[in-house]
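In: Any chance you could fold what I've pasted below:
(2 chains)
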Amino acid sequence: MTTADYVDAGEAIDQGTLSGKHGTAPPVVAGVTYERILDARSEPQNWLTYYGAYNGQRFSPLDQINTENVKRIGPAWVFQAGTSGMIAGASTYAFEAAPIVVDGVMFVSGWDGWVWALDARTGNEIWRYKHAVPFDVSLCCGNVNRGVAVAQGKVFLVTGNAHLLALDAQTGKRVWDKTYGDVRAGESGTVAPLIIKNMVIVGSSGGEFGVRGHLDAFNLESGEHLWRCYMVPKPGEPGSDTWPADGQAWARGGANCWLTGTFDAETNLLYVGTGNPAPDFDGDVRPGDNLFTDSIVAVDVDQGQIRWHYQCTPHDVWDYDSIAECILFESGGRKLLGHFDKNGYFFVLDRTDGSLVQITPFVDRITWGAITRDGQVTAKVYPDKEGEPVHFYPGPAGAKEWTHAAYSPKTELFYVPVQDVGATATRRRREFKESIPYWGAGVNVDLEDMTGSVSAFDASGEEKWRWRAELPMCASVLATGGDLVFAGEPSGEFNALDARTGEHLWKFQCGSGHHSSPTTYSVDGRQYIAVPVGWGGWAEGFLPGMLGAGHGSALIVFALPES
Amino acid sequence: MTSTAQERSALLSKLGLDAQNKGPLGHVLGTGNIGQAVEKGDGRMEATVRINPDELVWDPQILVLPHGGDLELTLINDDQNTHCALLPSNGDRKFIWLVNHSRGRALLNLDGPGYYWYSSPTGNDEGRGLTGAIVVLGDVPPEARLDRPDQPRP
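Out: Below is the predicted model:
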């Protein structure tokens, strides 16, 4: 038989063309500029940037849905991402994103390189983009992505293999593609990019693999690399005296910026939290404070240089990344910053210079050590003896994981999702090898005796109310002008609480656990609450008792009845 | 008991892991052939994978590319049943039907380094053996690497 005998099967086509749902989005992103993002809360119908605004408050002034009528909201539409074929990290994917909305069009990332543009009123898919992510990328905590950024006609996202992509916001086609991390070194990308001025700013993941964490800025039009800021100093650089003078501990030191920062245009500083040092639990190989790990770092956004830092857990041996959001707010005429750290303490700093204003514990059980009101840190329990199990609270996922707190300027309260769960770590020293997990311990997170809450604090650290949950709270909360706080549970319930009292007002069982960042927007005068639902990620770290729960892959959007 | 590398092929055959309905029901993942793409003068790469009669396995089952970039892939179905292919590519996955005794093409763009799986997502072709891998060799661009001394690798 000859080649000519073959039936011509033609050329392979994009799988998305077989979805029955494809098209072109209206040019709503073309007009999204830095100035609009600076003033994002003046257009409450939109959610223009990861936290809703540069201040990281995760607050929307929308108030159509309020404490009186929230019990009447229900699903307006559901987007089911689903899956087909082979995907990387099929056992660990989670739907972690914060949906972005611009004038009726939603842009949301999934796992494994997916991005969708959806009609924000109907949920109809407009276009999709799928990046091919290698199956063998080093991923400590699941095949996840926390969202996209939009500006000047483009959608920006990072991929699991540490590429930064710019897509055409109307078509989903790739405009440029830059590699900003080394997958052979164990680096990856999970962060939602942040647009500042003419830049798109991203951080690297990979702190469990002994990399050297960094922030990178690219020109958002051309993709030109503008600066890189390492979060572990080289020998001789400021902070290098907090690492061993001999050896290469600094080169494997971690401090990854795997969550989106916040920004104050007046100080011109980007506030970013840094991750754990590596190895996570074996501190003897890296004596010293290990700057700038576990720190709140203020970076001059034009220069890409660190202006000040505040280290929340010096010489961390519990995996207490300080990657959590830095919420910008004003109080008593001061420009402040609020930060709920994995180590269980709520820090308030002066964001002009990093000076400490107050520290308060926000979880009941803290046994790893103690921090005094003036910031003195004393370690008490840690895995310092080879092969000897040590139990401590909070576990390595922290009293709050990466999922975000919110702040309402109406109530002047912070709302924090709390995880009260411990863990046992047994130190096991190992040699460093590039791309191999570098923990320095075996870790079991507790399967029993755990709890959670949404807790409300004022800026002085006084707890005003607490809504107790059966399980640790592992999803971001959302505060609205309707005096509501929305919070999802690992068991699938999506709840609305009274922002002033904590009274439980409404819930809906979404069919899968929550591990994402809900957002809110409006189209044609109707307010919507959007929550990605898809349990997964590093569940063995923050809630192993729910490792057997189904993953889910739905985006559920709620609204009041139209009539 | 484990096998040495030299014994692997004979043991796979003896246990029936490398054929349909011999040991298990299907052809076990990773027991097929290995092939390499050829680099063309314009920097693109080209390769052919085929489905041999009654084997329900991609041949080669592991296709190796020397670096990331564009791959012109020819797919040939010599089997007497219909299959398909869902292949990794930046932008969207590529899909093609492969009816009995057909020949098609796919243009794939892949980053690498790393490996990707692909399959024939119809019936249970994936379970029976029509799951393959594309391996991309090489390194990330120099500007993306960490500023640190060379580190030990496994």
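In: for the closest residue to chain B within chain A, helix, strand, or coil?
Out: Among residues of chain A, the one nearest chain B by C-beta to the nearest C-beta turns out to be A:P134. It sits 2.4 Å away. From N, CA and C alone the C-beta is placed, and that goes for glycine too. Under DSSP: H, G, I helix; E, B strand; the rest coil, the three-state class of A:P134 is coil.
In: Do you know the pLDDT at it?
Out: On the pLDDT scale, A:P134 is placed at 96.
In: Just give me the neighbour total for the nearest residue to it once chain neighbours are set aside.
Out: Once flanking residues are discounted, A:P134 sits nearest to B:G114: 2.4 Å by C-beta to C-beta, 6 or more residues apart in numbering or on different chains. Each residue near B:G114 was counted by other C-beta atoms under 10 Å in any protein chain shown, and the total is 23.
In: Then the one 3 residues further on?
Out: Other residues near B:W117 come to 19 when the count uses other C-beta under 10 Å.
In: and it, what element?
Out: Following DSSP states H and E, one finds B:W117 within strand B:114-119.
In: Might you report the residue contacts of A:F79?
Out: For A:F79, the contact set (C-beta atoms under 8 Å, 6 or more residues apart in numbering or on different chains) comprises A:W116, A:L118, A:G123, A:E125, A:A554, A:L555, A:V557.
In: Can you name the element that comes right after the host helix or strand of A:S522?
Out: Assignment of secondary structure by DSSP H and E places A:S522 within strand A:519-523. Following the chain from strand A:519-523 toward its C-terminal end, the next helix or strand by DSSP H and E is strand A:526-533.
In: Centre of the chain to whatever helix or strand comes next after that following strand, how far?
Out: Tracing the chain past strand A:526-533, the next element assigned as helix or strand by DSSP H and E is helix A:539-542. Remark: helix A:539-542 is offset 15 Å from the chain centroid, using C-alpha atoms, centre = their mean, to the nearest Å.
In: Mind pulling up the pLDDT for residue 52?
Out: Assuming you mean chain A. Model confidence at A:G52, expressed as pLDDT, equals 98.
In: My question was about chain B, not that one.
Out: According to the per-residue confidence, B:N52 scores 97 in pLDDT.
In: Next, count neighbours for A:T293.
Out: Applying the criterion other C-beta under 10 Å, we find 32 residues in the vicinity of A:T293.
In: Same check on A:P561?
Out: Quick note: A:P561 (other C-beta under 10 Å) scores 9 neighbours.
In: And for A:P287?
Out: A:P287: 12 surrounding residues under other C-beta under 10 Å.
In: And it, its phi and psi?
Out: With angles defined as degrees, to the nearest 10, A:P287 sits at phi -60, psi 150.
In: ok, it touching A:A245?
Out: No: judged on C-beta atoms under 8 Å, A:P287 makes no contact with A:A245 at a distance of 10.0 Å.
In: what's near enough to touch A:L505?
Out: When contacts are counted by C-beta under 8 Å, 6+ apart, A:L505 touches A:T67, A:V70, A:K71, A:L484, A:A496, A:L497, A:D498.
In: Repeat the analysis, applying 6 Å as the threshold.
Out: A:V70, A:A496, A:D498 (C-beta atoms under 6 Å, 6 or more residues apart in numbering or on different chains).
In: A:I87 now?
Out: Counting by C-beta under 6 Å, 6+ apart, A:I87 makes contact with A:D112.
In: go again using 10 Å as the cut-off
Out: A:I87 makes contacts with A:93, A:110-114, A:130, A:133, A:135, A:143, B:88, B:93, B:117, as judged by C-beta atoms under 10 Å, 6 or more residues apart in numbering or on different chains.
In: what ranges do the helices span in chain A?
Out: For chain A, the helices defined by DSSP state H cover A:34-38, A:539-542.
In: and among those, the most buried is which?
Out: Mean neighbour count, computed with mean count of other C-beta atoms under 10 Å in any protein chain shown, is highest for helix A:539-542 among those, reaching a mean of 23.
In: Take the contacts of A:I87 and lay them out in CSV including distance to A:S355.
Out: Rendered in CSV, the data for these read as follows (distance: C-beta to C-beta, whole Å):
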residue, distance to A:S355
A:Y93, 41
A:G110, 41
A:W111, 40
A:D112, 43
A:G113, 42
A:W114, 43
A:K130, 46
A:V133, 42
A:F135, 47
A:N143, 40
B:P88, 50
B:R93, 52
B:W117, 52
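In: In the stretch 1-150 of chain A, where is pLDDT below threshold?
Out: Judged against pLDDT under 70, the low-scoring parts of the stretch 1-150 of chain A cover residues A:1-4.
In: All the strands of it, residue numbers only.
Out: Counting by DSSP state E, counting those that start in this stretch, the stretch 1-150 of chain A forms strands over residues A:7-11, A:13-14, A:59-60, A:74-80, A:100-102, A:105-109, A:114-119, A:125-130, A:149-151, given from the N-terminal end onward.
In: Relative to the second one, what are the paired strands and their orientations?
Out: Which is strand A:13-14. The strands that strand A:13-14 pairs with in its sheet are strand B:94-98 (antiparallel) (by DSSP bridges).
In: Tell me which helix or strand comes right after the strand it pairs with.
Out: Under the assignment DSSP H and E, the closest C-terminal helix or strand after strand B:94-98 is strand B:102-110.
In: Find the residue at the geometric middle of chain B.
Out: What sits nearest the mean C-alpha location of chain B, by C-alpha atoms, centre = their mean, is B:A133, with 3.1 Å.
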